[in-house]
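S.K.: would you be able to build a 3D model of this:
(one chain, ligands or ions: 3)
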Amino acid sequence: MSLLVKGGTVVGPTGTQVADVLVEGEKIVAVLDPAFSQTITVDEVIDAAGKYVIPGGIDAHTHMELPFGGTAASDTFDTGTRAAAWGGTTTIIDFAVQRTGEVVQDGLAAWHAKADGNCHIDYAFHMILGGVDDDSLKAMDQLVSDEGVTSFKLFMAYPGVFYSDDGQILRAMQTARENGAMIMMHAENGIAIDVLVQQALARGETDPIYHGITRPAALEAEATNRAIALAEVAQDCPLYIVHLSASQALEHVAAARDAGRNVFAETCPQYLYLTLEDQLGAPGFEGAKWVCSTPLRSKHESHARDLWKGLRSNDLAIVSTDHCPFCMKDQKELGLGDFSKIPNGIGGVEHRVDLIYQGVVDGQLSLERWVETIATTPARMFGLYPQKGIVAPGSDADLVVYDPNATTRISVETHHMNMDYSAYEGVEIQGGVGTVISRGEVIVADGNYHGRKGRGKFLERGLSSYLM
Ligand code: DUC
Ligand code: ZN
Ligand code: ZN
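M.R.: Ligands and ions are numbered 1, 2, ... in the order given. Next up is the predicted model:
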């Protein structure tokens, strides 16, 4: 099967060009000057005139079916990867979980069992380490060498659940320095946060907004700085700060990067667009929709502005979603009368490509930086490049034809995620995903879905391209 994506503006990390993209089977075989493709015969032509042709989005941070707070994230690998496809994301990297006391490889096997045969798009795994000990350190080596899992998430938050202490973190970092893996850090001082949570509840402060108030930016910044220091002690172990939301945390990342350190960070659309006051502080229990950690930050401070700036300057390398949806009914409702029992998470895997494109429209990012932060850098950061993340000969034919003249209105009425609300209800994007191609197969076109569960393949990842 051959395919020609014709007449579009191909956008890559280093520039744009009007070009035709020739696909043979699952691969891109040529990016051609349109004058040269006149004579080529193909099975199917996709007209991309007036549209952008970009590499399929890579969401490097999702939590399908994550057990959390007595329930589980409401998107399965089936529903979540289908929604991702609708939104122009053709690869996800989800977090497999080793629960405390569990064998790491068993946790990984459980994640394979959830995903295998259910995904609509390609997928890979990071590994959450819920317990760092001699066995899990050995398992890190095995996952890197044999399983294609080359990044490990640790938590400085959630004592008693996922939490690792500084000694455990240091040991995992030393192991990663040796085997080339990336340490991904949930950087919030969970011990101090738990004190603030108990004090707030004792004062009767139970509404969702107190979730944000008890997780102050200073405790994200402190943990970020501590993680950077521990990584320095571990001989500059590669460190990636996940879901960075606060200006003060970004300052520590920027300083480390200025010093030439192997320190990277991502942010998420919720921190660029949503705020403590307007969403988390919505009347009654409504704010529960936006309970996630790290939390939404105050609109009266400079966080969102600084995050956009960080994306421009590459102090923030990637936009991921931290997609972790819970329905209001029966899930978020577990925290009625006690914000600390609201399951943490926001769903957004379907809207990341659009929401960051809106940053281009708003003058926050260049077209090239849009593509870089949503596709090319995630591929490079997590060992998927050049198979993924770029429109180039030899790469997988994961392509999105993006229409800058479309309008996309985000709503629970129209989204495909398994959520009974939208975190971005009513938001209008001045652009829209048109055709989505995954490994040469058209899976979304003209508002219709042509993909199917089980077509997505597990991707064994290599080491990050950014390591020194
Ligand atoms: N943060 C969330 O909001 N949800 C899941 C885990 C996390 O770290
Ligand atoms: Zn986290
Ligand atoms: Zn997460």
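
S.K.: mind listing what's buried in whichever helix or strand Q168 is part of?
M.R.: Element membership of Q168, judged by DSSP states H and E, is helix 166-179. For helix 166-179, the neighbour count (16 or more other Cβ atoms under 10 Å) marks Q168, I169, L170, R171, A172, M173, Q174, T175, A176, R177, N179 as buried. In short, each C-beta sits where N, CA and C put it, glycine included.

S.K.: average model confidence for the helix or strand just after that helix?
M.R.: Of the helices and strands lying after helix 166-179 in sequence (DSSP H and E), the nearest is strand 182-186. Per-residue pLDDT values over strand 182-186 give a mean of 98.

S.K.: mind checking the backbone torsions on E44?
M.R.: phi -150, psi 140 (degrees, to the nearest 10).

S.K.: how near is S293 to ligand 1?
M.R.: Distance of S293 to ligand 1, computed by Cβ to the nearest ligand atom, to the nearest Å: 4 Å.

S.K.: contacting residues around that residue?
M.R.: S293 makes contact with A157, H186, E188, H211, R215, H243, N344 under the criterion Cβ atoms under 8 Å, 6 or more residues apart in numbering.

S.K.: show me what from the stretch 251-400 of the chain comes close to ligand 1.
M.R.: Residues of the stretch 251-400 of the chain that fall close to ligand 1, judged by Cβ under 6 Å from any ligand atom: C292, S293, D322, C324, N344, G345.

S.K.: tally of neighbours for T16?
M.R.: By other Cβ atoms under 10 Å, 17 other residues sit near T16.

S.K.: helices or strands up against whichever strand or helix holds it?
M.R.: Assigned by DSSP H and E, T16 falls within strand 15-24. When contacts are defined as 3 or more Cβ pairs under 8 Å, 6 or more residues apart in numbering; DSSP states H and E, strand 15-24 packs onto strand 2-12, strand 27-32, strand 52-55, helix 367-371.

S.K.: could you redo the last one with a cut-off of 10 Å?
M.R.: Judged by 3 or more Cβ pairs under 10 Å, 6 or more residues apart in numbering; DSSP states H and E, the packing partners of strand 15-24 are strand 2-12, strand 27-32, strand 44-47, strand 52-55, helix 367-371, strand 399-403.

S.K.: T41 belongs to a strand?
M.R.: No - counting by DSSP: H, G, I helix; E, B strand; the rest coil, T41 is not found in a strand; it is coil.

S.K.: for it, give its distance to ligand 1.
M.R.: From T41 to ligand 1 the distance is 49 Å (Cβ to the nearest ligand atom).

S.K.: what's the answer for T91, then?
M.R.: Distance from T91 to ligand 1, by Cβ to the nearest ligand atom: 20 Å.

S.K.: wait, doesn't that residue sit right on A124?
M.R.: Yes - contact criterion Cβ atoms under 10 Å: T91 and A124 qualify, at 7.2 Å.
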